[in-house]
Structure formats: C-alpha cells, structure tokens
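**Student:** pasted the sequence and its predicted model underneath.
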Amino acid sequence: MALLTLAPPSRAPALPRWLGLEGLVIGGAILALIVLVVLPVLSLVAASVWDKGLTGGFFVSALGSTANLRALGNSLILGAWTGLLSIAIGVPLAWAVSRTNVPAKGLIQLTATLSYLSPPFLTAIAFVNLFSPNAGVANVFLREVVGIDLGFNIFTMSGLVFVTVLHTFPFVYLLASSALQSVDASYEEAAQILGASKLRTALTITLPLVAPAVLSGTLLAFVNAIALFGSQAIIGLPGRIVTLPTRIYALFDYPPQYGVASALSLLFIAITVIALYLQRAFLARRSYVTLAGKGARPQLMDLGPWRWVLFAACVVAFFIAILLPYGTLIAVSFSKSWGLGFWQNLTLENYRFILVDYDVTRRAILNSLMLATIAATVCVVLGTVISWIDIRTRLPGRKLLDYAALIPLGLPGIVMAVALLQFWLKMPVALYGTFAILLLAYVGRYVPLGVRAANSSLRQIDPSLEEAAQILGASWGTRMKEITLPLIRPGLFAGWLLVFVPVIQELSASILLFSSESITLAVAVYNLYETGYTEPVAALAIVNMIIIAVAIGIARQFGGSRIGLKTGS
C-alpha cells in the first residue's frame, strides 16, 4: 500500500524588513521629525533672508532698530542677573542638602520642585497683586497701616529678575546637588588633613569640582530666563521694559513684519548657541574628573547651631517662592474684590464664573487638557522610536536624527511659533489658528524631552533580551510590546509627565498661534489678566495648578516611584 506523502504548505515570501511594521514605524518617525522640526527651522532661516530674492535687509532692520537693540540688551541683562542669582540661591541650597546636617531637607526639595513646576506668568501675576506700586496689597498695607512707604515696584527690571529667578534656580539646585553627591569625598578629606578649613575646602576643592554641573544649570537658567514671554509681558511691558520675546510678539501686530521677526528669532537662537559655546570653552580648559574606581562617601558637615540659621534661610526661600505667591493667588481667587476686607469679602463666584458661566475658560481648560494629553503621548511615542533607531539599529545617519530631535531645546516657544508660521502659511493647508497647529508646536518643541526620557531608559535594557526573543521567532512588534515597552514603562511615564506639565502652562508659543476656538488655558489666563479680571484670573491659576498636581499623581500611580522632578534639557 503506497503511502500518501503530503507536501508542506507553501508559505508566502516574507516581506523585506523595511516594508514591514518596523520599517513603516521608522519611516514615519523620520518623516514626522522632518515635518515637525527640520522644515519649520529651515523656513525660519529662509524667511529671514528672502524677500522676492536673497536679501540681508531683515537683519539690517533687526539690528539697526533702536527698539530691537534695547530689547536685546534687556534680555541679556535679564538672563545674566537671573543666572547669577540662580547660582547664589541654588548652590547653597544644594550644598545644604548634600553636605550638611541641616534639618528638613525635604522642605528644600519641595521648594525646588514646586518652583520648577509653577508657571512663571502665574507667579508674576501673584506678585503684581502684592507689589504693584499703587494697588499692591503689600504696599497699601505698609503705607496705610504701618505708616511706611518703602516704594516697592514690581514693574522694574529688578522685579522681573526676582520673579524669573524663582522659576530658574531649581535648574542650578538640581544639577549641583546631583554633582555634590557624586564627588569623591577623599579630595575634601585630604584637604582638611592638610589643615584647610571647611570653608576653604568648600571654596577651593568642592565648588571647582562641581563647576560643570553649576555652569550647565546656569546656562539652563539663562536660556529659560530670556525665553519666558508671560512674566516679561506681565511685569516688563507696564514698566516699559521690552525684551526679545515681547518685541517679536509686537512685530505680529498689523501689518505683521514676518521677515524681521524671523531675523530676531534667529538672533535668539544665536544667543543660545554662543552661551553653550562659552560654557564648553570654559570647561575644556581643565579636568573635572571626580569619580575613580574607589571613592569615599561624603560625610555630612556638622554645622552646630548654624544649622538652624541655614534652616531659617531655607524656610524664607520656601515662603517667598511658594507660600507667598500661592497664598496670594488662593486669597485673590476667593475674594469678591481683591484689596478689601478679606473675611467679609469671601466668595466662590470666581470659580463658578470660570468653570460654569464663562464658556471661553471652559473651552480653554478642555483644549489644554486634550492638547497636553495628545502632545505628551505623541512625544513619548516619537521619542521612543527615535531613541530605538539611535540605540538599537545601524541605520546610516541615525546620529543626525538624534541631533535633529534635540534642536528644539535651543528654540524658545515664541521662536518655535514663528518658525511654524513661516512654514505652514506657505502650505496649501490652512492650519493657522487651529487645534492642529498648536499640537504641532507642542510636539515639535517638547519632543526632545520624550527622546531623552526614552533614550536613558533604553540604555538600561540589555539588548540580549530582545535578541533572544528574535531568535525564538518573535516579530519586531511582539518584541516591543512584550519586552521593551514594559521594561521602559517608568521612564516613558516620566517623559510623558515632563511634556504634559509644560504644555498645560505653555504661553509663549500659544500666544501667536491660538484662535477663539483653539484658545488654551495659559492664553485664557493672560487675556483675562489683560482685561482686568483679577479675581477670575487667580481662580483659573489655581485650577491650572490642580490639573498639574493631578497629572503628577496619575503619572506616579501608573509609572511607579521613579517619576519625580527630572529635567531633560
């Protein structure tokens, strides 16, 4: 009896790797990055040198105008003073937490965290309510109750620097405290054995060793200080202090001067590049290696009674940076009319107005929640793919892709908005004033945070886990779903939070791109403030911070305890 032999079923030829899911995802990520970042930046450059032909006239106008030069000078002054004061506040606080026995170290960490998360324009509004020269409650109280007229005026360069520093000193604090905890303590112990005092050791040994971290934090403080639109408009404009962001914004009044705005935006970028170059040139002069094969853990310095003096200084910092502005905003939000008798003036009408009666603020809250959720998710997905290409593939040009993803780190929000306008106004698709262009702006600006979060997480995962799954026949999609993504989930939630929080409070890009239908929470706060709605503004500001706090809580719940205050830029 003959045996019936069955031939194995024929299998369809496998698709080439680059035509499968992996290739489509990689191609989509590259295309998205080109559209989101590369083309708008190139359009910005083109708009600054092209007007019916190649021209340098826009740069001549930008640099030849007294108003523009004054704005440039004010921005540099603001950035310089903010950087210096951020060092003066951040380094001592970092030293106190890392190297001394000062009590309540958690209070210092909380101060830095909340200062970083607080929208600077809301802090500016709070201090305007306190220290405006005529109607500021603190000034009125000192004049009419105490009988002292100290003449506090928040609408000055000093007032602008003060408000800005409250947001920027955490950059120096975080990087300096991390560096101080990493320094090999044997260097300091050797200096003290040779007779150096604790103060001299700190100034001549410890501080120079953490100089790279301090300078990096100072650079971040400088760049952030000159880029903030909200606080510079709220405090600077009433005091006739025009800066680059407010000057660029003014150039979009009718008739808009797109070419000059583009030239000033490129000048903005040049300042950032020069600051980065100077930092690297300074650090290249000497070695800052602080970790060797063996290292001693730093011993906490016993300050004796002085620890209470340092603790008092930390409490003052917490009071000024957190309690004073938030206490003011909360008090204003429950007042019928700010400045009158507080206990006889309490009301919930301001919250009812912004949450129920006024459809603009309701729409703004919903728009911001949707934009922040979508932008954070897209940034994390795109950042994961870009990081995976960089770390897990040998794709030619993958390093250029990573560098392109980091370009927005040097672009202030208002510059990103100008770049998007220059690009999309020339496209046949009408996006100006839509939900879509705001989403493009947020994703383009904050995708570096998603890339850095995914990159650091992927580097901690052994590639052999994915390789073993591949050997066993798992597809690229299965490997990502079952192995890679679950392992890097905490880092991705941290990146999601890092994008969600700044998008909720983003003003500098939104102010040029919004329309009545796409208005955001930050723009609604600014517009209400401009029209004199002091009490509803405070209520909306508190709603803003509640949203941020809830987002942090949700991200911690799903992402684990690793999620905290981290900066990716």
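**Tutor:** On my side now, so go ahead. Given the structure is predicted, the values throughout are model-derived calculations rather than measurements. Numbers count the residues shown, from 1 in each chain.
**Student:** how about Lys540, what does it touch?
**Tutor:** Rather than Lys, residue 540 is Leu. By C-beta atoms under 8 Å, 6 or more residues apart in numbering, the residues touching Leu540 are 354, 361, 521, 524-525, 528. Every C-beta, even on glycine, is put in place using the N, C-alpha and C of the backbone.
**Student:** again, only this time at 7 Å
**Tutor:** 354, 361, 524-525, 528 (C-beta atoms under 7 Å, 6 or more residues apart in numbering).
**Student:** could I get the residues you listed as a markdown table with distance to Ser510 and pLDDT?
**Tutor:** Output for those, formatted as a markdown table (distance: C-beta to C-beta, whole Å; pLDDT from 0 to 100):
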| residue | distance to Ser510 | pLDDT |
| --- | --- | --- |
| Ile354 | 18 | 91 |
| Thr361 | 15 | 90 |
| Ala524 | 10 | 92 |
| Val525 | 11 | 91 |
| Leu528 | 14 | 90 |
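**Student:** which of those residues sit farthest apart?
**Tutor:** For the contacts of Leu540, the farthest-apart pair by C-beta to C-beta is Ile354 and Val525; their separation is 9.6 Å.
**Student:** give me the subset of the contacts of Leu540 lying in helices.
**Tutor:** 361, 524-525, 528 (DSSP state H).
**Student:** show me the chain divided up by domain.
**Tutor:** With domains defined by automatic domain parsing, the chain comprises 60-284+305-333, 346-569.
**Student:** show me which residues of whichever strand or helix holds Pro486 are buried.
**Tutor:** Following DSSP states H and E, one finds Pro486 within helix 485-487. Under the neighbour-count criterion of 16 or more other C-beta atoms under 10 Å, helix 485-487 has Leu487 buried.
**Student:** over to stretch 453-472?
**Tutor:** For stretch 453-472, by 16+ other C-beta under 10 Å, it's 453-458, 461, 466, 469.
**Student:** contacts for it?
**Tutor:** Applying C-beta under 7 Å, 6+ apart, the contact partners of stretch 453-472 are 380, 383-384, 387-388, 390-392, 479, 483-484, 487-488, 491-492, 494-495, 498, 568.
**Student:** what mean pLDDT does that stretch have?
**Tutor:** Mean pLDDT, stretch 453-472: 74.
**Student:** roughly how far apart are Phe59 and Ile269?
**Tutor:** 13 Å (C-beta to C-beta, to the nearest Å).
**Student:** which helix or strand contains Ser61?
**Tutor:** helix 57-64.
**Student:** how far does that helix sit from the chain's center?
**Tutor:** In terms of C-alpha atoms, centre = their mean, to the nearest Å, the gap separating the centre of helix 57-64 from the centre of its chain is 30 Å.
**Student:** and what of stretch 78-98?
**Tutor:** For stretch 78-98, the distance to the chain centre is 18 Å (C-alpha atoms, centre = their mean).
**Student:** okay, and the one residue sitting closest to the centre of the chain sits in which element?
**Tutor:** With distances taken as C-alpha atoms, centre = their mean, the residue of the chain nearest its centroid is Pro502 (5.9 Å). Per DSSP H and E: Pro502 is located in helix 489-504.
**Student:** can you give me the buried ones in that helix?
**Tutor:** For helix 489-504, the neighbour count (16+ other C-beta under 10 Å) marks 490-504 as buried.
**Student:** tell me the one of these nearest Val242?
**Tutor:** The closest of the buried residues of helix 489-504, once distances to Val242 are taken by C-beta to C-beta, is Pro502, at 24.7 Å.
**Student:** so the closest one touches Arg445, yeah?
**Tutor:** No: in this structure Pro502 lies outside contact range of Arg445 using C-beta atoms under 7 Å: 8.5 Å.
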